Structure formats: structure tokens, C-alpha cells
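A.B. asks: Got a sequence here, can you build the structure:
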Amino acid sequence: MSVLVLIKHSLPEIREGILASQWHLSAEGVRRAHLLAPQLVDYRLVRIFSSLEPKAAKTAEILAADLKLPWQSLPNLHEHVHPVRLNFNQAAFEADAADLFARPNELVFGSETADQAHERFHQAVEGIVEANPGQNLAIVAHGTVISLFVSRACGIEPFPLWKSLGLPSFLVLDITLNEIYKVINKI
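C.D. replies: This is a model prediction of the structure:
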């Protein structure tokens, strides 16, 4: 059985007024990424892919170095596109995310609907899996697109999944059956 490990990037340094897509890992995020690597050994990964966003790419780079694997950043694995919040507020961000998941075909938060973000991410994941048949792969990406993808592939609610994902965290999917068989939420 081949597996796909979907990894939510490690803890970023939140920088007010800077797009979240430009955030880098914090020192604690780097430490946590190193702690994550040993937890992935048993999955016999062959290759790691990541979003182009710095926090995901650095997480992948650390994991690949620790696991001695090749890695590559690719387009279309990025997070749902949303605006800069001048004063980041977790409660407001969660409310926006809940609204996004509740109304997936409407433009409610950011510049793409949940359906559009899912379709973009799904096509990118499908392309990676098809280009690497029968291989155990990891993709380092982002909470919203991972939650959209997994919820639709596995028939679960996206918002509770999204809320449960830590920085970093990972889900292991059976590539052929699209079933989750392991979720690690805390590192």
C-alpha cells in the first residue's frame, strides 16, 4: 500500500502587515520541524514536495535533510489566498475560516472560494501522485487546503479537522483508497 503524508507546515513567525504567504518559520518552528522528521521514518517516504510559500518550503527542506530525501517546491500547493490582517486576531481568522468551509462555492474570504482552492490543490496533488506511481510521498502544505482536500476525499467535516491541525502536524492517507489511517496533530 502506498501512502501520501500531508504535512501542515511548522510554526511561522507571524509578522503584522505581511502576507501570511510570505511568513518564514520561527526558531520554534525550525525546532519542531526537526522533531517531526523521526516520526515520518516508518512511512518509507521516497520524496517530499512542498508549497512555494517560505514556511512550507523550509519545513520540507528540514525534513528532507533530516530524512536524507530529495524535495521540491511546486506551484498550486499554496494556501487559500486571503488578505493581510493588520492586527492578526486568531478568533477573527477562525471565524473567517468557518465561513469559508460553510459556504464553499461563495467568495467569502480572500480571493478564491473554498471550491476553487480545493480544485487547485487537488489537481496539484493528483499530478504529483500520478507522476510518482506506487511511491510513498509527502507534501508539506497548509491547513485550509489540506482540510479541504482530506474532507472531500474522506467524507469528514473540514472545519473541525482544520482546527485540530497543529504546527506542524500530519495526516497519512492510503493513496488508493483515500482513507485516513493516521492523524498526528501535535509535535
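A.B. asks: pull the CA atoms of stretch 115-123 into CSV?
C.D. replies: C-alpha atoms of stretch 115-123 as CSV (Å, rounded to 0.1, in the frame of the first residue of the first chain):
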residue,chain,number,x,y,z
ASP,A,115,-14.2,25.1,-4.1
GLN,A,116,-11.5,26.9,-6.2
ALA,A,117,-8.8,26.4,-3.6
HIS,A,118,-9.7,22.7,-3.3
GLU,A,119,-9.7,22.2,-7.1
ARG,A,120,-6.3,23.9,-7.5
PHE,A,121,-4.8,21.8,-4.6
HIS,A,122,-6.5,18.6,-5.7
GLN,A,123,-5.1,18.9,-9.2
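A.B. asks: what comes up buried for that stretch?
C.D. replies: For stretch 115-123, a neighbour-count test (16 or more other C-beta atoms under 10 Å) marks 116, 117, 118, 120, 121, 122 as buried. Every residue, glycine included, has its C-beta placed from N, CA and C.
A.B. asks: Include pLDDT and secondary structure when you put the residues you listed into JSON lines, please.
C.D. replies: Formatted as JSON lines, the buried residues of stretch 115-123 follow (pLDDT from 0 to 100; DSSP: H, G, I helix; E, B strand; the rest coil):
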{"residue": "116", "pLDDT": "98", "secondary structure": "helix"}
{"residue": "117", "pLDDT": "98", "secondary structure": "helix"}
{"residue": "118", "pLDDT": "98", "secondary structure": "helix"}
{"residue": "120", "pLDDT": "98", "secondary structure": "helix"}
{"residue": "121", "pLDDT": "98", "secondary structure": "helix"}
{"residue": "122", "pLDDT": "96", "secondary structure": "helix"}
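A.B. asks: between those, which is nearest residue 64?
C.D. replies: Comparing those against residue 64 with C-beta to C-beta places residue 121 closest, at 20.7 Å.
A.B. asks: right, and the closest one touches residue 145 too?
C.D. replies: Yes: at 4.1 Å, residue 121 and residue 145 qualify as touching, with contact defined as C-beta atoms under 8 Å.
A.B. asks: Need the overlap of contacts for those two.
C.D. replies: Common neighbours of residue 121 and residue 145 are listed as residue 77 (criterion: C-beta atoms under 8 Å, 6 or more residues apart in numbering).
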